[in-house]
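Q: this one's sequence-less:
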């Protein structure tokens, strides 16, 4: 259980605070409601580019990392398709340093042509190294494009192409900053051994003077229901062929999410998961296998993926996946299996709550979802998942007409 209090400042900034009496550190998390799904399809990769630019200094603080280090702190950030997150941990007595820095770059980012060109080169190189110049690098990009035809989840956080970043102008980047990096589009969450009112006062001190900026954003197009199986085959210079099958599922706050997440754990919860036990150890069809949910805010994907052993055909791998799905559709889940994956989730949740940064980060995330109280209710929601709900979910979701299959074939020697 994470106790918290929430407040909205006059400029629209949401502030959530948690008093953690067990930690000597303070964690400050700043979440902006902007990810790859908010981008123009002709200018993708901007959210990730901005994650980089936010560390390039402001008019008052040219080197963001230096004050953090002088305060004995550590900081980092990440971007995904739904939001961008910046976080700092430091001794609680130095909490104001983090608030000063975050408030400063929310309004005063110094985006010069030179800084923009430098970060564009960095992001383009990252794109090439992670997605274009390594084995299986473009696999997830191909899967997204196959599964999504309308929703911006059809491109990865890095973007659709390096050309979109290379062609980004200073005016476009400044417009993106003004649109999304503003108080009413952000959530500040703090966890520290400090009185809650004191944390609110400090948030007021550093953020209330910032004026909000009006912004007009386009609605995010929603993916229509898939009614026909899709399939794509590509050949690449990779060590082994992989088969990946994705199924559309509900959004992160959909009641089905908890069922889907438990199903993924039943299938791929480590070496005792069904897929590894049946398809790797017993039948020796695959060298590795996994099943996971994307966990996106909007309706996401339930994914099976496996790397084939020599002698295994893609048809055999796909048939093996279908057999595992069929068993779940028939309700073939033991009480022991179900209790094990529920206990695992509860243990992971409780362990995560020991970390001051996890608390601050999760408070921001659940507030972004629109249901902050969910942070303390999810264990109970997982507990309510029954064998019948698993069967119903698999019948509705893991069906042929809802599938997108990517066959990523190794070149024949």
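A: The structure has been received and is ready for your questions. Source: prediction; values computed, not measured. Numbering: from 1, shown residues only.
Q: rest of the way, CA atoms for contacts and neighbours
A: Will do.
Q: Quick check on residue 233: phi, psi?
A: Phi and psi for residue 233, reported as degrees, to the nearest 10, are phi -130, psi 130.
Q: what's the closest non-adjacent residue to residue 303?
A: Sequence neighbours aside, residue 246 is the residue nearest to residue 303 in space, at 4.4 Å (criterion: C-alpha to C-alpha, 6 or more residues apart in numbering).
Q: burial of that neighbour, as a residue count?
A: 25 (other C-alpha atoms under 10 Å).
Q: and residue 303, that one's in a strand?
A: Yes: applying DSSP: H, G, I helix; E, B strand; the rest coil, one finds residue 303 inside a strand.
Q: show me what contacts it?
A: 244-247, 291-294 (C-alpha atoms under 8 Å, 6 or more residues apart in numbering).
Q: do that again at 10 Å, thanks
A: 143, 244-249, 264, 290-294, 398, 403-405 (C-alpha atoms under 10 Å, 6 or more residues apart in numbering).
Q: Just the ones of the residues you listed in strands?
A: 244-248, 290-293, 403-405 (DSSP state E).
Q: what about the chain, any weak spots by pLDDT?
A: Along the chain, segments meeting pLDDT under 70 span 413.
Q: Can you pull up the most central residue in it?
A: Most central in the chain under C-alpha atoms, centre = their mean is residue 80, positioned 4.9 Å from the mean C-alpha point.
Q: re the thing from before, for the ones in strands among the contacts of residue 303, give me JSON lines that also has distance to residue 277.
A: Shown next, in JSON lines, are the ones in strands among the contacts of residue 303 (distance: C-alpha to C-alpha, whole Å):
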{"residue": "244", "distance to residue 277": "18"}
{"residue": "245", "distance to residue 277": "19"}
{"residue": "246", "distance to residue 277": "21"}
{"residue": "247", "distance to residue 277": "22"}
{"residue": "248", "distance to residue 277": "25"}
{"residue": "290", "distance to residue 277": "11"}
{"residue": "291", "distance to residue 277": "13"}
{"residue": "292", "distance to residue 277": "16"}
{"residue": "293", "distance to residue 277": "20"}
{"residue": "403", "distance to residue 277": "24"}
{"residue": "404", "distance to residue 277": "25"}
{"residue": "405", "distance to residue 277": "23"}
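Q: between the residues you listed, which is closest to residue 84?
A: Taking C-alpha to C-alpha as the measure, residue 84 lies nearest residue 293 of the ones in strands among the contacts of residue 303, at 19.8 Å.
Q: list the contacts for the closest residue to the closest one other than its chain neighbours?
A: Counting by C-alpha to C-alpha, 6+ apart, residue 293 lies nearest to residue 302, which is 4.5 Å off, once chain neighbours are set aside. By C-alpha under 10 Å, 6+ apart, the contact list for residue 302 reads 245-250, 257, 260-261, 263-264, 291-295, 397-398, 403.
Q: In PyMOL, select just the buried ones from those residues.
A: Here is the PyMOL command that selects the buried residues among the contacts of residue 302 (16 or more other C-alpha atoms under 10 Å):
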select buried, resi 245+246+247+248+249+250+257+260+261+263+264+291+292+293+295+397+398+403
